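In: next one to model:
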Amino acid sequence: MWKDRFRNLLNDTAPGNGRPGAGTSRSRLDLAPPAHAKGSGAPFTRNSSGSDQFFRALNTEGTLSILDLAGASQANVSFLTGLGHRLSSDDVLAAMDQCFGKDEFLENQQVEDKVKRFLETTLNFPEQQFDAALVWDTLQFMVSPLLEQTIERLLRVMKPGGLILAFFSSEEKVPQMPVYSYRIQDPKTLLLIPRGHSRQIQYFNNRMLERFFAQAQSVKFFLSRDHLREVIVRR
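Out: Sure thing, here's the model as predicted:
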């Protein structure tokens, strides 16, 4: 069964946080920095151990339902349907731009009517619809309580045992963070297309992410030398 494959790949025997069956594990990657400098405006590729493990878990004979929060792209559609799976897309960053604007992007996330509009147009899927979700770096551009509300909605649309792949910057003190679109080249290679910058909202360390995903069964971290923390969450 594909759920057993998920469990095996995530190595859930690591020490947990006290919840029955929960586990947290960490890996350190020695990846070379991207060939192109961040902020140069040029797309570049990077190797990803997190995506490699995520997609190996999807290598199953069954047809899975997958959510991509980077919006529809031919590269991602071709790759995932080539594995025999169904793909739904929802460009959450584009929805955030529309609802919160660019000039006061962070401040507007505290405006009640703007938050209501965003939540009404985002992640509107039936409960427990998806076996896996590609969240990419979307969550790191949200402030509380919108961040917690979005994670709650995300977990709600995931099936028990489903996998979530998310990225967070591991740089603690930077004024701005690059924003990317992610295109799948192969299971462990991603093409990153710059789409601007955003002010850093907060530094997401492992303990904080474990708290945000406290309702999930397990969380696994991967750190790379290009300052990107990759996280696999099992619902």
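In: nearest residue to Leu93 in space, please, no chain neighbours.
Out: Among residues not flanking Leu93 along the chain, Thr138 sits closest, at 5.9 Å (C-beta to C-beta, 6 or more residues apart in numbering). Every residue, glycine included, has its C-beta placed from N, CA and C.
In: surely the one you found touches Ala94?
Out: No. Using C-beta atoms under 8 Å, Thr138 is not in contact with Ala94; the gap is 10.3 Å.
In: helices and strands of this structure: which one bottoms out on pLDDT?
Out: Using mean pLDDT, DSSP states H and E, strand 23-28 stands out as the lowest-scoring helix or strand of the chain, at a mean of 43.
In: partner strands of the helix or strand just after that one and their direction?
Out: Following strand 23-28 in sequence order, the next helix or strand is strand 44-47 (DSSP states H and E). Applying DSSP bridges, strand 44-47 is found paired with strand 189-199 (antiparallel).
In: residues making contact with the strand it pairs with?
Out: The contact list for strand 189-199, computed with C-beta atoms under 8 Å, 6 or more residues apart in numbering, reads 34, 38-48, 51, 75, 93, 105-106, 141, 175-185.
In: what mean pLDDT does the helix or strand following that strand get?
Out: Moving toward the C-terminus from strand 189-199, the next helix or strand (DSSP H and E) is helix 206-212. Mean pLDDT, helix 206-212: 94.
In: give the contact list for the residue nearest to Arg86 when sequence neighbours are not counted.
Out: Nearest in space to Arg86, with sequence neighbours left out and distances taken as C-beta to C-beta, 6+ apart, is Ser65 at 5.0 Å. With contact set as C-beta under 8 Å, 6+ apart, Ser65 has these partners: His85, Arg86, Ser88, Gln129, Phe130, Asp131, Ala132.
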